[in-house]
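*Asks:* Fold the stuff below for me.
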Amino acid sequence: MSEIILRPYTPDDAAWLVERHADLYARDEGFDGTFGPLVAGLLADFSAHADPEREAGWIAMQDGAPIGSIFCVSGSPGSAKLRLFLIVPEARGQGLGHMLLDQCMSFAGDAGYRRMELWTHESHRAACALYAKFGWRLVDSHPVTSFGVDLIEQSWEIDL
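*Replies:* Residues are numbered from 1 along each chain as shown. Below is the predicted model of the structure:
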């Protein structure tokens with residue numbers, strides 16, 4: 001395998017991101033057809049309104065193909081949100097999660113955010129273990145029914 005590179009997100013990446021999110025979450029989590037449109041909406045909003053000084057997205061590439069993503073967007077005052085963190089199954093286990101998370105958190109700190117927050121599900125055990133390793137704190141966990149399945153929704157945060 002060749003080197004992994006991170007490059008800035010462009011709107012040309014949207015179709016791949018929506019498709020991969022929808023397909024992987026349907027296959028691995030049983031999500032229904034409402035998840036893809038949610039991702040599409042997040043990307044459309046990002047493309048239309050992102051402040052490049054304070055918001056960014058990255059696509060991980062290997063051998064000319066996209067293999068992952070992560071985004072930093074504005075959240076509550078003084079806080080950034082981590083969004084659309086995805087690593088395709090065939091690229092897992094290469095340290096890509098560390099690379100993407102470090103890129104996003106470093107950008108947030110450099111952009112002046114004092115903290116970061118994210119929303120995920122308990123079933124994403126590898127990602128949650130990575131968040132904990134980086135010093136994120138689990139601040140809320142509760143059952144929900146989303147995207148057609150019962151889940152344990154989690155909120156995490158970290159001071160930068």
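
*Asks:* where do the strands sit along the protein?
*Replies:* Using DSSP state E, the strands of the chain run over 4-8, 56-62, 65-74, 79-87, 115-121, 137-146, 149-159.

*Asks:* Could you dump those into a markdown table and include distance to residue 97?
*Replies:* Using the backbone N, CA and C atoms, a C-beta is placed for each residue, glycine as well. Formatted as a markdown table, the strands of the chain follow (distance: least, CB to CB, whole Å):
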| stretch | distance to residue 97 |
| --- | --- |
| strand 4-8 | 11 |
| strand 56-62 | 10 |
| strand 65-74 | 8 |
| strand 79-87 | 6 |
| strand 115-121 | 13 |
| strand 137-146 | 17 |
| strand 149-159 | 14 |
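
*Asks:* among those strands, which is nearest residue 23?
*Replies:* When these are compared by CB to CB, strand 79-87 sits nearest residue 23, at 10.9 Å.

*Asks:* And that closest one, what does it pack against?
*Replies:* In terms of contacts (3 or more CB pairs under 8 Å, 6 or more residues apart in numbering; DSSP states H and E), strand 79-87 is packed against helix 14-29, helix 35-49, strand 65-74, helix 96-110, strand 115-121.

*Asks:* one more time with 6 Å, if that's ok
*Replies:* strand 65-74, helix 96-110, strand 115-121 (3 or more CB pairs under 6 Å, 6 or more residues apart in numbering; DSSP states H and E).

*Asks:* quick check: angle from that strand to helix 96-110?
*Replies:* 160 degrees (axes from the mean of the first three to the mean of the last three CA atoms, to 10 degrees).

*Asks:* Pairing partners for strand 79-87, with directions?
*Replies:* Next to strand 79-87 in the sheet, as set by DSSP bridges, lie strand 65-74 (antiparallel), strand 115-121 (parallel).

*Asks:* Report the mean confidence score over it.
*Replies:* Averaged across strand 79-87, pLDDT comes to 97.
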